[in-house]
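In: I'll drop the sequence and a predicted model, then ask my questions.
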Amino acid sequence: MIDLFDATPDDPEKKTGAAQVAPRPLADRLRPRSLSEVIGQQQVLGPEAPLGTMLSAGSLSSLIFWGPPGVGKTTIARLLADETDLTFIQISAIFTGVPELRKVFEAAKLRRTNGQGTLLFVDEIHRFNKAQQDGFLPYMEDGTILLVGATTENPSFELNSAVLSRSQVLVLERLDLRDLELLAQRAEKEMQQALPLDGPAREALLEMADGDGRALLNLIEQVSAWPEAKAGEKLDTATLSTRLMRRATKYDKSGDEHYNLISALHKSVRGSDPDAALYWFARMLTGGEDPRFLARRITRMAVEDIGFADPQAQTHCLHAWETYERLGSPEGELALAQAVIYLALAPKSNGAYVAYKSAMAAARQTGSEPPPKHILNAPTSLMKDQGYGDGYAYDHDAADGFSGQNYFPETMKRGVYYQPVDRGFERELKRRVDYFVKLRAKRGSG
């Protein structure tokens, strides 16, 4: 879906005479005039989708639109106001302070006394602080405003729970190539000329937009102004790439994309897919991620998901990290890439990770239970009198080097936390664990 509207009949661009004004941008001329003209976002606008259902029922609730730039958050909000006969008021959290908000609310209250509702669209709503967000609540509750907020950040982290509980969060998605092609065709019809591009170059132009409809229309406007457009010539991909810069990858090192991509990298490694892992690793690097952050996270993957199945994995990651520190960028990234491949292809086990978490949970639950007295040192006679160290079996005195004594608190049932998998080197550790389990049972039965 795109943030675009068609030219109206009284379009100043179509007037003649001395009052001629500058042409309107293509994105403005192509704004949809009804929800049916919106491109994409059928998961939100379809007949059985949330907004389609609300509109058919004649009951619209407060909404939070969450999605990347250029997918139509503002346009859908404006068209919703038209569909529901509400006055559309738009503000931006970047430029609006408390005094301006008070004026907006007072005007909405006056409007309501005259029988007219208000749809208040708040762009970048996540930029309001907690107190400012709380200021919306009484006006949402008494029906003075119907709030529609727009954000590119995860509402779960950026918006107050009170605002979220009174709103429905709708996720708007980046436009796919089919949506962008439809938008390009609308642009050609509006401009009454075809884009001066051959097939591969046209597809490259769509990819440059990176799912952003507004960005695509800006690119189309540039391309249409080239001399080749008027001469009817076709340009190839090489020429297009020379004249236009690819749109910067959407990546916020402190926002959702940061966490989404590191999650994709981690799960690709865990899923033993070196190609997917390398792709997400490269996506983060091209987005400007700090290679040291990646080195740290890659090492964590070795600890969490490979563990004793391949103890060399941690060493490999640490060596790659050290190599990066010595070489720097861009050569050092290759060592990290090699570590990613190694981890993806290594045997996997989270046995140690699960054991650690289980032991931590048991430690929190049992509180201050003391160790059994037979494994306590007794450096003083008083402590010996108290039974410290009494009955301790020195394991090296046993023929097989194993006493089988209990080392858990006396009041606590023996815990079993580490359960090795039958993969990689951990297969050998499993054999050892099973061996000691049998010996312990034998000592207990004897």
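Out: In hand now; what should we look at?

In: quick one: contacts for L439?
Out: 400, 402, 404 (C-beta atoms under 8 Å, 6 or more residues apart in numbering). For every residue, glycine as well, the C-beta is placed using N, CA and C.

In: how about the last one, nearest residue that isn't a chain neighbour?
Out: By the measure of C-beta to C-beta, 6 or more residues apart in numbering, the closest residue to G404 outside its immediate chain neighbours is R443, 3.1 Å from it.

In: state the pLDDT value of the one you found.
Out: R443 is assigned a predicted lDDT (pLDDT) of 79.

In: please apply the same query to A150.
Out: A150 is assigned a pLDDT of 95 by the prediction.

In: one step back: the residue nearest to G404: which element?
Out: Element membership of R443 [criterion: DSSP states H and E] is helix 426-445.

In: kindly check the end-to-end length of stretch 90-100 for me.
Out: 12 Å (C-alpha to C-alpha, to the nearest Å).

In: ok, back up a step: mind giving me TSV with the contacts of L439 and columns for pLDDT, secondary structure and neighbour count?
Out: Shown next, in TSV, are those (pLDDT from 0 to 100; DSSP: H, G, I helix; E, B strand; the rest coil; neighbours: other C-beta atoms under 10 Å):
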residue	pLDDT	secondary structure	neighbour count
D400	87	coil	11
F402	89	coil	16
G404	86	coil	16
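
In: distance to Y259 added to these, as CSV?
Out: What follows is the contacts of L439, written out as CSV (distance: C-beta to C-beta, whole Å):
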residue, distance to Y259
D400, 50
F402, 46
G404, 47
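
In: so who does the spatially closest residue to V171 that is not a sequence neighbour touch?
Out: Once flanking residues are discounted, V171 sits nearest to W66: 5.3 Å by C-beta to C-beta, 6+ apart. Under the criterion of C-beta under 8 Å, 6+ apart, the neighbours of W66 are 151-155, 169-172.

In: one more time with 6 Å
Out: 151, 155, 169, 171 (C-beta atoms under 6 Å, 6 or more residues apart in numbering).

In: of the residues you listed, closest to A201?
Out: Using C-beta to C-beta, V171 is the member of the contacts of W66 that sits closest to A201, with 32.2 Å.

In: just give me the neighbour total for that closest one.
Out: 12 (other C-beta atoms under 10 Å).

In: phi, psi of it?
Out: Dihedral pair for V171: phi -100, psi 120, per degrees, to the nearest 10.

In: how far away is it from V71?
Out: 10 Å (C-beta to C-beta, to the nearest Å).

In: so what are the domain limits for this protein?
Out: Structural domains annotated on the chain: 41-171, 177-243, 256-345, 369-445, as defined by automatic domain parsing.

In: which stretch among those domains comes nearest Y356?
Out: Per C-beta to C-beta, nearest to Y356 of those: domain 369-445, 7.8 Å.

In: mind picking the two most distant members of the contacts of W66?
Out: T151 and V171 (10.8 Å).

In: most distant residue from the centre of this protein?
Out: Distance from the centre of the chain peaks at S381, with 62.1 Å (C-alpha atoms, centre = their mean).

In: if we can go back for a sec, list the buried residues in the helix holding R443.
Out: The neighbour-count check on helix 426-445 (16 or more other C-beta atoms under 10 Å) flags 426, 429-430, 433, 439-440 as buried.

In: just the CA coordinates of the strand or helix carrying A77, formatted as PDB?
Out: According to DSSP H and E, A77 maps onto helix 73-84. Taking C-alpha atoms only, helix 73-84 is exported to PDB below (Å, rounded to 0.1, in the frame of the first residue of the first chain):
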ATOM      1  CA  LYS A  73       0.200   4.200   7.000                       C
ATOM      2  CA  THR A  74      -0.800   7.800   6.500                       C
ATOM      3  CA  THR A  75      -2.900   7.100   3.400                       C
ATOM      4  CA  ILE A  76      -4.900   4.400   5.100                       C
ATOM      5  CA  ALA A  77      -5.600   6.500   8.100                       C
ATOM      6  CA  ARG A  78      -6.800   9.400   5.900                       C
ATOM      7  CA  LEU A  79      -9.100   7.100   3.900                       C
ATOM      8  CA  LEU A  80     -10.500   5.500   7.100                       C
ATOM      9  CA  ALA A  81     -11.600   9.000   8.200                       C
ATOM     10  CA  ASP A  82     -13.300   9.500   4.800                       C
ATOM     11  CA  GLU A  83     -15.000   6.100   5.100                       C
ATOM     12  CA  THR A  84     -16.300   6.800   8.600                       C
END
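
In: which element follows it toward the C-terminus?
Out: strand 87-92.

In: so where is the protein shaky, pLDDT-wise?
Out: Low-confidence segments of the chain (pLDDT under 70): 1-22, 245-256, 445-446.

In: if we use 80, what do you get?
Out: Scanning the chain for pLDDT under 80 picks out 1-23, 229-230, 245-258, 367, 378, 383, 385, 443-446.

In: for it, which segments count as strands?
Out: 5-6, 30-31, 63-66, 87-92, 118-123, 146-151, 168-171 (DSSP state E).

In: TSV for these, including distance to K413?
Out: Shown next, in TSV, are the strands of the chain (distance: least, C-beta to C-beta, whole Å):
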stretch	distance to K413
strand 5-6	70
strand 30-31	68
strand 63-66	47
strand 87-92	60
strand 118-123	56
strand 146-151	50
strand 168-171	45
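
In: quick one: residues in contact with stretch 70-90.
Out: So stretch 70-90 is contacted by 1-3, 35, 55, 60, 65, 111, 116-121, 148, 150, 172, 212-215 (C-beta under 6 Å, 6+ apart).

In: and the residues you listed, which of them are buried?
Out: Applying 16+ other C-beta under 10 Å to the contacts of stretch 70-90 flags 1-3, 35, 55, 60, 65, 111, 117-121, 148, 150, 172, 212-215 as buried.

In: quick one: P138 from T144, how far?
Out: For P138, the distance to T144 - C-beta to C-beta - is 8 Å.

In: which one's more surrounded, these two?
Out: It is T144, of P138 and T144, that has more neighbours when counted by other C-beta under 10 Å, with 22 against 11.
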